[in-house]
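# can't give you the sequence, but here's the structure:
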Ligand SMILES: CC(C)NC(=O)[C@H](Cc1c[nH]c2ccccc12)NC(=O)[C@H](CCCC/N=C(/NCCC(=O)O)S[C@H]1O[C@H](COP(=O)(O)OP(=O)(O)OC[C@H]2O[C@@H](n3cnc4c(N)ncnc43)[C@H](O)[C@@H]2O)[C@@H](O)[C@H]1O)NC(=O)OCc1ccccc1
């Protein structure tokens, strides 16, 4: 991250009417939540997404999927927002309009005080039933209570409960898609934070914004599949770069 790059990004942000913050797993890395593709400790390095993050995988082995998400939820509930999340929340007080569009299911943007957050891949803090989609949040069982246990039945219709997240091969929530794509199509600036740009259709968002004439600022310690769209690439961890952007 160069001082010139930071200064240029700060000017672009200051000139923005509508700023869309588009975040991925890297945003929560400094909160102790592993990313998906980190070579060593990334979730997908140790677990097969096809087996664990698909409806087929759930139907084939509901116990395994239910306890795996309980294990992840425990880590999310113990995690705290990092300085990057707080900087995003603070930015909302600086620009006229700011909306967060996140692929993350951890709810840490809201926990840091961001009030307008679009969760395009759902939330691990909610469950819903398989057949009818009755949604439940609040006190959910911890891993110790879920280990090798069948998912409990829906209190309304009796069908098994599953995490209220978007699995591979599943449609994204219609209202979230409509809002996220319309925002990307009319924003002045998109702040792209901690995403590898490998999962679709979320990876299309900066392309939509760019086609509509927006400036793209990427924050990532490594180049991603989307760095080619960026007007400014701020190379570094979100928890350090974003507070510096506010300084
Ligand atoms: C793997 C990929 C090739 N496959 C897909 O994209 C598929 C298939 C597909 C669809 N269209 C395509 C087009 C081309 C190719 C494939 C497809 N997409 C789907 O299946 C989607 C659904 C995709 C959503 C899946 N659910 C998730 N999550 C919820 C669950 C759960 O969490 O368990 S995806 C999940 O993985 C993704 C991980 O990506 P990132 O967040 O970018 O994280 P990653 O680890 O990859 O990278 C981390 C980055 O952070 C950086 N970093 C590290 N530390 C820091 C740091 N400190 N600070 C800043 N950055 C940092 C790193 O350098 C790195 O760049 C996120 O989206 C996350 O939500 N559904 C669908 O298409 O439905 C169809 C449909 C249409 C009509 C009708 C019916 C069906």
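Received, thanks. Here the structure is a predicted model, which means the values were calculated and not measured.
# burial check on the one residue in the chain that gets nearest to the ligand, number of neighbours?
Going by Cβ to the nearest ligand atom, the ligand is nearest to residue 26 of the chain, at 2.3 Å. C-beta coordinates here come from the backbone N, C-alpha and C atoms, glycine included. Residues lying near residue 26 (other Cβ atoms under 10 Å) number 25.
# what is the least confident helix or strand in the protein?
helix 43-46 (a mean of 68; mean pLDDT, DSSP states H and E).
# just give me the residue right at the centre of this structure.
Nearest to the mean C-alpha position of the chain, by Cα atoms, centre = their mean, lies residue 104 at 2.0 Å.
# pretty sure residue 22 belongs to a helix, no?
No. Per DSSP: H, G, I helix; E, B strand; the rest coil, residue 22 lies outside any helix segment and is strand.
# quick check: it vs residue 89, distance?
16 Å (Cβ to Cβ, to the nearest Å).
# what about residue 133, is that helix, strand or coil?
The three-state label given to residue 133 by three-state DSSP is coil.
# run a quick neighbour tally on it.
For residue 133, using other Cβ under 10 Å, the count is 12.
# just the pLDDT for it.
For residue 133, the model assigns a pLDDT of 96.
# host element of residue 7?
Following DSSP states H and E, one finds residue 7 within helix 3-14.
# helices or strands up against the helix ranked longest in the chain?
Assignment by DSSP state H gives helix 62-78 as the longest helix of the chain. If you count contacts as 3 or more Cβ pairs under 8 Å, 6 or more residues apart in numbering; DSSP states H and E, helix 62-78 packs onto helix 49-52, helix 55-60, strand 122-129, helix 143-146, strand 161-165.
# could you tell me the angle between the helix or strand that comes right after that helix and helix 3-14?
Proceeding N to C from helix 62-78, the next assigned helix or strand is helix 83-91, under DSSP H and E. Taking axes from the mean of the first three to the mean of the last three Cα atoms, to 10 degrees, one finds helix 83-91 and helix 3-14 inclined to each other by 40 degrees.
# helix 83-91 and the ligand in contact?
No. Helix 83-91 lies out of reach of the ligand by Cβ under 6 Å from any ligand atom, never closer than 6.7 Å.
# helices and strands around that helix, which ones?
strand 18-23, strand 97-102, helix 108-111, strand 189-193, helix 238-246.
# give me the contacts around that helix.
If you take Cβ atoms under 8 Å, 6 or more residues apart in numbering as the criterion, helix 83-91 is touched by 13, 19, 21, 23, 27-28, 30-31, 98, 100, 108-109, 111-114, 191, 193, 237-243, 245-246.
# residue 26 and residue 35 touch, don't they?
Yes. Counting by Cβ atoms under 8 Å, residue 26 does reach residue 35; the two are 5.8 Å apart.
# would you mind listing what in this structure touches the ligand?
Proximity of the chain to the ligand, by Cβ under 6 Å from any ligand atom, involves residues 24-26, 29-30, 35-37, 42, 53, 103, 105, 121, 165-166, 168-171, 193-196, 198-202, 219-222, 224, 237-238.
# of these, select the buried ones using a ChimeraX command.
Filtering the residues of the chain next to the ligand down to the buried ones (16 or more other Cβ atoms under 10 Å) takes a single ChimeraX command:
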select :24,25,26,29,30,35,36,42,53,103,105,121,165,166,193,194,195,196,199,202,219,220,221,224,237,238
